[in-house]
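A.B. asks: next one to model:
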Amino acid sequence: MDMLLPMRERGLKAHTKNSQGKEHLLVDHLCSVADKAKAFVKNFYNGQFTSLAWLIGLLHDLGKAHPSFQEYLQAQQEGKSCLKMPHSPWGAAFVHLALNRFPLQHELTLPVAGHHAGLSEYGDLTAKIKNYSLEQERVKEIITLMHSVFQVLLRRGIPAGILQIPGLTPVQRELLIRMLFSALVDADRLDTEAHFYPQSRLLRQKNRALAELAEKLQDAQQELIAQSRPSKVNNIRRQVYEACVKKASLKPGFFRLTVPTGGGKTRSVLAFALNHALINGQERVIFALPYTSIIDQTAGVYRDILGEDAVLEHHSQVLLPDDDEDEDEIAVRLKLAAENWDMPLVVTTTVQFFESLFNNSPAKCRKLHRIAGSVVVLDEAQSLPVELLRPTMQVLRDLVENYGVTVVLSTATQPALQGEYLPELQDVEITEIVPDYKQHFAQLKRVYYERLVVTNNRLVSVDEFAEEILKHQQVLVILNTRKKSVELIKALVKKGCREGLFYLSTFLCATHRRQVLREVHCRLDENRQLEEKKPVRLVSTQVVEAGVDLDFPVVFRAIGPLDRIVQAAGRCNREGGLPNLGKVVIFELTDERSPRGPYKAGLEIAKMLLAEQKSLEVLTKPEIYETYFTRLYRTVGNDLDARKIQEKRGKLNYPATAAEYRLIKESTLPVLVRYGDYARVLNEWTRQPGKSNWRKLQPYIVNVFEWEAKQLLRDGLLSSVTEGLYIWEGSYDNLLGIGRFEFDPADLIV
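C.D. replies: Prediction:
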């Protein structure tokens, strides 16, 4: 066989024929993927790696030239049974054996080998490749064949600069390989999709332009100003918005947006992000938020302004369509965009955003190259996990300096990210978007703080605390743990308090929690019209603290990390409608066990800091949070990279990095509860256990840790429905959910 025959004459295939009978030649697929990957990396290091991405694309499926793979495709086309022949290992072997003098072995071999199975640890990969030896006649024959094919491809002319690579640190190199991997995976999937599903490719091309979105926001803002009555709050919101538009003209980098609750942050930060992206030639805006409740609220606001098809909301609880034929065009486009974030405006969770940046799977990493050349807004930036702070900040800095990214740290309680404890950002300039933010905090003051003291004692029992709660008709109480929240509810019921008593925690399924919030809102709204108020007492864990739009005249918050106390205060006099300031009461129970780890450290530092202050008035001033976070980070010290993520990254150990970089470390199991319409939904899923019906089950599920589930199974409180799904066998209480049972679950903060 003449090894130098052109590939088209040889007729090597990349895939089987599509539904129209069209073939997909290997030469066309490799060249198309190479060109796409090259375009995707234009924002990496000012375009220095476009040639490398092109070469990776050219090499990724070269293993499909193997005669056995071509036989496998032919058998598939004819409907015959045939053992599948993996092609990726042969591509990696070719790079290792035929291109062994190439200086960028890691950058080539890891993406080529992992574009289906995922990025592996480089040492493990090279150990496997050693099974391929040119001393074996068959291996030599296949490598020679692949080399001839490769030479044909190179006749198109390899781009200049392929050997150019700047001096990178080990962790910079680790991220570069992952980002190149992302570009390859997306390019490969898109070209394959275009062959088999050409209609999907057309739908992907209908994205809205950033300029159009910015114009719609500007029009909406002018309309809002025209309709708003002059007031102190509206004046501050206008100032914040104008500051955001003004600072948008600055060059990409790190920014801080410090705005008090009610200061119009949601619209203003969007104005900054859209205008900044347009001025600097960036391609999209990505919002990463810590709680799904905030995401629902933020995405809803942006859809109302910009239109349903302008916002990609991507997180685990969004119901994306399963069958393109049964959905309208917008729904299908959003589903396609969720795969690779090819939309101008993305709203996602910090879990999705950061865990993807440290992941190794093709599905998780596919979207990463879209982050390059984007504006990334980190809402509630203080909630970034302390034990992962150093790798998180290093990656953010890398994205800003080498991938054309702008990062906005948006919160009312800014973390202190530039101390000696965090060298990753120590010499970085972070620009404050709103220079007068301290004045805004003073002007938007809605609450005052006080400590709860009972009989000259700051430590109160649950029974004593219940008596204090009964003194208030409308009150929100937030505790640190689910166990204590249940104890308080039981104490209140024992004292005859049942009317208007509500409870929220992860003991309740999502459907139940939504129902509780509806009832609470209705009572609070009714009370605004009534002279004699109806009782509405809501006891909750931290699940209510951020993003839940509640407006109580009085809020009790168990002593906790300082930023959590302020988040709780955001549920008090939220709209500023009280004739006087709302009241936030900080309390401490006698025998409460706080959550472990950084949360406990934050709680203890908050205790010491508040003990040093002459007045709790300091909690209304933003400067206190710089002091608090500085002490927290210094106290935690080496634990800012507690899981040694940077060490694993430096060794190019992608599986270990992905396993350790998790914002919620412990695994949970889904437990179905008997609430509402669960039986009908379970029946539908049993008859047709597809993705769509599984998603319908989600609102009836409570997540418990794996170690909890083992105990509950032993106690007969759980039984298995199927692999990976359990059902709660105890009774489900209309007030407490599964919380009436006092197994003391760990403190899952969501």
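A.B. asks: which strands or helices does the host helix or strand of Pro111 pack on?
C.D. replies: Per DSSP states H and E, Pro111 falls inside helix 105-114. For helix 105-114, the packing partners by 3 or more C-beta pairs under 8 Å, 6 or more residues apart in numbering; DSSP states H and E come out as helix 50-59, helix 88-98, helix 122-129, helix 170-196. Placement of C-beta: from N, CA and C, glycine included.
A.B. asks: burial check on Glu223, number of neighbours?
C.D. replies: Glu223 is flanked by 11 other residues according to other C-beta atoms under 10 Å.
A.B. asks: give me the element it is part of.
C.D. replies: Using DSSP H and E, Glu223 falls in helix 210-227.
A.B. asks: tell me the angle of the helix holding Pro111 relative to helix 170-196?
C.D. replies: 40 degrees (axes from the mean of the first three to the mean of the last three C-alpha atoms, to 10 degrees).
A.B. asks: what sits up against helix 105-114?
C.D. replies: 52, 55-56, 59-60, 62, 88-89, 91-92, 95-96, 99, 102, 119-120, 122, 125-126, 129, 173, 176-177, 180-181, 184, 360, 362, 652, 654 (C-beta atoms under 8 Å, 6 or more residues apart in numbering).
A.B. asks: quick one: average pLDDT of that helix?
C.D. replies: Averaging pLDDT along helix 105-114 gives 85.
A.B. asks: thinking again about what came up before, can you give me the buried ones in the helix holding Glu223?
C.D. replies: Judged by neighbour count (16 or more other C-beta atoms under 10 Å), helix 210-227 contains these buried residues: 210, 213-214, 216-217, 221, 224.
A.B. asks: next SSE downstream of it?
C.D. replies: Criterion used, DSSP H and E; the element after helix 210-227 is helix 232-247.
A.B. asks: need the contact partners of stretch 596-606.
C.D. replies: 385-387, 480, 559-565, 594, 628, 631-632, 635-636, 639, 747, 749.
A.B. asks: hmm, I typed the wrong one, I wanted stretch 64-83.
C.D. replies: Taking C-beta under 8 Å, 6+ apart as the rule, stretch 64-83 contacts 12-17, 26, 63, 84-85, 87, 90, 142, 145-146, 149.
A.B. asks: show me what counts as buried in it.
C.D. replies: So, applying 16+ other C-beta under 10 Å, buried residues of stretch 64-83: 64-66, 69-70, 72-73.
A.B. asks: now intersect those with the helices, please.
C.D. replies: Assigned to helices by DSSP state H, the following of the buried residues of stretch 64-83 qualify: 69-70, 72-73.
A.B. asks: tell me which of the helices and strands packed on helix 105-114 sits most buried.
C.D. replies: Among the helices and strands packed on helix 105-114, helix 50-59 has the highest mean neighbour count (mean count of other C-beta atoms under 10 Å), at a mean of 25.
A.B. asks: going along the chain, name the helices of the stretch 401-550 of the chain.
C.D. replies: Taking DSSP state H, counting those that start in this stretch to define them, one finds helices in the stretch 401-550 of the chain at 437-443, 462-469, 482-494, 510-527.
A.B. asks: in TSV: those helices, plus mean neighbour count, distance to Leu589 and mean pLDDT.
C.D. replies: Output for the helices of the stretch 401-550 of the chain, formatted as TSV (neighbours: other C-beta atoms under 10 Å; distance: least, C-beta to C-beta, whole Å; pLDDT from 0 to 100):
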stretch	mean neighbour count	distance to Leu589	mean pLDDT
helix 437-443	17	30	92
helix 462-469	18	6	95
helix 482-494	20	6	93
helix 510-527	16	23	92
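A.B. asks: distance of the closest residue to His521 other than its chain neighbours from His60?
C.D. replies: Closest residue to His521 apart from its sequence neighbours, by C-beta to C-beta, 6 or more residues apart in numbering: Leu550 at 7.7 Å. Separation of Leu550 from His60 (C-beta to C-beta, to the nearest Å): 51 Å.
A.B. asks: these two - which one has more neighbours?
C.D. replies: Between Leu550 and His60, His60 has the larger neighbour count (other C-beta under 10 Å), namely 29 against 18.
A.B. asks: so who does that one touch?
C.D. replies: His60 neighbours (C-beta under 8 Å, 6+ apart): 30, 33, 88, 91, 111-112, 115, 184, 188.
A.B. asks: now swap in Leu508 and tell me
C.D. replies: Per C-beta under 8 Å, 6+ apart, neighbours of Leu508: 516, 702, 736-737, 739.
A.B. asks: do the same with Lys22
C.D. replies: Contacts of Lys22 by C-beta under 8 Å, 6+ apart are His195.
A.B. asks: repeat that for the one 10 residues further on.
C.D. replies: For Ser32, the set of contacting residues under the criterion of C-beta under 8 Å, 6+ apart consists of 187, 191.
A.B. asks: give me phi/psi at it?
C.D. replies: Main-chain torsions, Ser32, degrees, to the nearest 10: phi -70, psi -40.
A.B. asks: any buried residues in the helix or strand Leu713 falls within, and which?
C.D. replies: Leu713 is part of helix 706-714, with elements assigned from DSSP H and E. By 16+ other C-beta under 10 Å, the buried positions in helix 706-714 come out as 708-709, 712.
A.B. asks: Throw the residues you listed into TSV and include distance to Trp685 and pLDDT, thanks.
C.D. replies: Below are the buried residues of helix 706-714 laid out as TSV (distance: C-beta to C-beta, whole Å; pLDDT from 0 to 100):
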residue	distance to Trp685	pLDDT
Glu708	23	81
Ala709	20	85
Leu712	22	87
